[in-house]
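*Asks:* 3D, please:
(4 chains)
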There are 2 protein chains.
Amino acid sequence: MIKSILGYGITIAMLLIILKWIDYRLFTGFVSLEVYAGIIATIFTVLGVWIGLRLTSPKVVTVERENEFELDAEKLKSHGISNREYDVLGLMAKGCSNQEIADELYISLNTVKTHASSLFSKLDAKRRTQAIQQAKQKGLLP
Amino acid sequence: MIKSILGYGITIAMLLIILKWIDYRLFTGFVSLEVYAGIIATIFTVLGVWIGLRLTSPKVVTVERENEFELDAEKLKSHGISNREYDVLGLMAKGCSNQEIADELYISLNTVKTHASSLFSKLDAKRRTQAIQQAKQKGLLP
DNA sequence: TACTATCTCATACTTTAGAGTGAATTAGTC
DNA sequence: GACTAATTCACTCTAAAGTATGAGATAGTA
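*Replies:* Numbering: from 1, shown residues only, chains lettered A, B, ... in the order given. Next comes the predicted model:
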C-alpha cells in the first residue's frame, strides 16, 4: 500500500517535471506549438488509458463447481475393495436393499451379504449408512 | 458496425474541429497557453480512458463457488418435515443407528423409530439409505 | 503346480430396522 | 375452549440387515 502510494507520487512528480520542462523549451523556442500540443496529448492519452484500466472494476463471474468425481482403480485398491464389492457399494448408496442388489447383479442374497460384510470391515463401518458416508468421504462415491 | 464506424468518424471530426478552434482562439489571444494546454490534456485524458476501456478485453475474475448448501425452513416445510424429524435425518445420514440417534437427541429408541417412519413416508422412501439419497437429491442434506 | 485373491453360495444365529397402532403432553391457532 | 401439529413414548410383529463360519469354482501369479 505504502509502496503504491509512493509510486503514484513519483509518477505525478515526474509528469509535472516533464511538463514544466516542455513549457520551458516552448518559451525558449526550441519546440513549436504543434509539438508541444502533441506531447501533451500523448502524455495525457497514456495517462487516460492507465486511469481507465485502473478504475474499472473487474467483472466477476461466479462458476458453479461440479463436484467432479473420478474413480480410478488406485483408490479402490488402496482400500482393498474389489470390483464386485464396489458394485454392491454403489447400489447401496442408491438406496437399494440387499435383495434388490442381488436381483440387479444376478447373485444370491447371501452373496450380497458377504460382500457387504467385507465392505464394512474395509471401510471401518458398522452399518451400511456409515459405509456410504465413509466411502463418500474417501472419494470412492460421488 | 457501420453505425459505430460512423460514430467514430463524427467523434474524431468534432475533436479536430474543437482543437482547431482552440488553436484559433489561442492565436487571437482569447485563451492563455495554460488554458490551451489544460483543454488538450482534458480532452486526451478522456480519449485515453475511452480507448483504454474500448481496446482492452474486459477484466473477468472467475470465482469458483463451492456447491454451498443452504437450508431454509421453506424447503423442509414444502416436504412437511418437522424440526425433530430433520434432526433424525441428519444423524441418519452421518451413519448413526437408531439407538445412537436416540442417545444423541436424548429421546427413546421408539421415538426415533416414529420419526424415522414418518420421514420415510414424507420422502417416498422404503429404507433409511433411500431416504438419505432422496433428501440429498431434494437439497435437504448437503 | 501350488498359491492367492476373488467371487460365489449356504446355513444358522443375532441384531437392527421398520410397520402398525394407540396414546399422553405441549404449544399455537381459530 | 376446541382443534391441530408436533413431540414423545410403548408394545407387538415382521422383515431386513449383519455376523460367523465353511466351502466350492475360477483365474491369475510365483
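*Asks:* And the next helix or strand past the top helix by length along chain A?
*Replies:* Once chain A is assigned using DSSP state H, the helix that runs over the most residues is helix A:2-27. Next helix or strand after helix A:2-27 toward the C-terminus (DSSP states H and E): helix A:33-55.
*Asks:* Can you check what angle separates that following helix from helix B:33-55?
*Replies:* If you take axes from the mean of the first three to the mean of the last three CA atoms, to 10 degrees, helix A:33-55 sits at 40 degrees to helix B:33-55.
*Asks:* Which residue does chain A have closest to chain B?
*Replies:* A:G48 (1.9 Å; CB to the nearest CB). Yep, even glycine has a C-beta here, placed from its N, CA and C like the rest.
*Asks:* Not counting its neighbours along the chain, what's nearest that residue?
*Replies:* B:G48 (1.9 Å; CB to CB, 6 or more residues apart in numbering or on different chains).
*Asks:* Please report the number of neighbouring residues for the one you found.
*Replies:* The number of residues packed near B:G48 is 23, by other CB atoms under 10 Å in any protein chain shown.
*Asks:* isn't it right next to A:I43, touching?
*Replies:* No: using CB atoms under 8 Å, B:G48 makes no contact with A:I43, being 9.4 Å away.
*Asks:* related to what we said a few turns ago, any idea how far the residue nearest to A:G48 is from DNA strand C?
*Replies:* For B:G48, the distance to DNA strand C (CB to the nearest atom of the strand, to the nearest Å) stands at 63 Å.
*Asks:* Run through the residues that contact that residue.
*Replies:* B:G48 sits next to A:44-52 when contact means CB atoms under 8 Å, 6 or more residues apart in numbering or on different chains.
*Asks:* May I have the helix or strand encompassing A:R84 as CSV, with CA atoms only?
*Replies:* Element membership of A:R84, judged by DSSP H and E, is helix A:83-93. Taking Å, rounded to 0.1, in the frame of the first residue of the first chain, the C-alpha atoms of helix A:83-93 are listed here in CSV:
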residue,chain,number,x,y,z
ASN,A,83,-14.8,-54.7,-8.2
ARG,A,84,-17.8,-56.7,-7.1
GLU,A,85,-17.8,-55.1,-3.7
TYR,A,86,-17.8,-51.7,-5.3
ASP,A,87,-20.8,-52.7,-7.4
VAL,A,88,-22.6,-53.6,-4.1
LEU,A,89,-21.5,-50.3,-2.5
GLY,A,90,-22.8,-48.3,-5.4
LEU,A,91,-26.2,-49.8,-5.3
MET,A,92,-26.3,-49.4,-1.5
ALA,A,93,-25.7,-45.7,-1.9
